[in-house]
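>>> fold the stuff below for me.
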Amino acid sequence: MYKKMSDPKPKANRAPSPYILFCNEKRQSVKDNNPNITFGQQGRELGRMWSDLSDEEKIKYVDQHEEIKKKINNITILLM
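Residues are numbered from 1 along each chain as shown. Predicted coordinates for the structure are as follows:
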C-alpha cells in the first residue's frame, strides 16, 4: 500500500460570520440572565436577539467579520 502524502499547504481558516461574532459576544449574558436555559434554548434566544437587531446595529459585526476576513486573506497570501 502507498501512504497518502499530506498537503504541504495548510488550509486557511474562514472568518466567523457576523452572526457567530454576535453570539460569541452575547452568549454569556444570555446564560447569566437565564441560568437554567438549555443549549437549544440559548440558540433560539440568540437567534431571536439577532433578528431583532436593526441593520445599523448589525454593521458592528459585519465590520468585525470583514476585518478578520482581510487578516486571514493576508495570511493565506503569505503562505502561498
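>>> tell me where the protein is predicted with low confidence.
The model of the chain has pLDDT under 70 over residues 1-12, 76-80.
>>> in it, where's the longest helix?
Counting by DSSP state H, the longest helix found in the chain is helix 55-79.
>>> buried residues in it?
Going by neighbour count (16 or more other C-beta atoms under 10 Å), the buried part of helix 55-79 is 61, 64, 65. C-beta coordinates here come from the backbone N, C-alpha and C atoms, glycine included.
>>> ok, stretch 25-37 next?
Buried-residue list, stretch 25-37, by 16+ other C-beta under 10 Å: residue 30.
>>> helices or strands up against the longest helix of the chain?
With contacts taken as 3 or more C-beta pairs under 8 Å, 6 or more residues apart in numbering; DSSP states H and E, helix 55-79 sits against helix 18-33.
>>> and the next helix or strand after the helix it packs on, what does it pack against?
For helix 18-33, the following helix or strand on the C-terminal side (DSSP states H and E) is helix 39-52. Here helix 39-52 touches helix 18-33, going by 3+ C-beta pairs under 8 Å, 6+ apart.
>>> got a list of what residue 14 touches?
Listed by C-beta atoms under 8 Å, 6 or more residues apart in numbering, the contact set of residue 14 reads residue 72.
>>> how far does stretch 55-72 sit from its chain's centre?
A distance of 10 Å separates the centroid of the chain from that of stretch 55-72, by C-alpha atoms, centre = their mean, to the nearest Å.
>>> which residues outside that stretch are in contact with it?
12, 13, 14, 15, 16, 17, 18, 19, 21, 22, 50.
>>> what do you get if the cut-off is 7 Å, keeping everything else the same?
Applying C-beta atoms under 7 Å, 6 or more residues apart in numbering, the external contacts of stretch 55-72 come out as 12, 13, 15, 16, 17, 18, 21, 22.
>>> and the spatially most central residue of the chain, how close does it get to residue 59?
With distances taken as C-alpha atoms, centre = their mean, the residue of the chain nearest its centroid is residue 16 (2.8 Å). From residue 16 over to residue 59 the distance is 16 Å, taken as C-beta to C-beta, to the nearest Å.
>>> go on, residue 22?
Distance, residue 22 to residue 59, using C-beta to C-beta: 12 Å.
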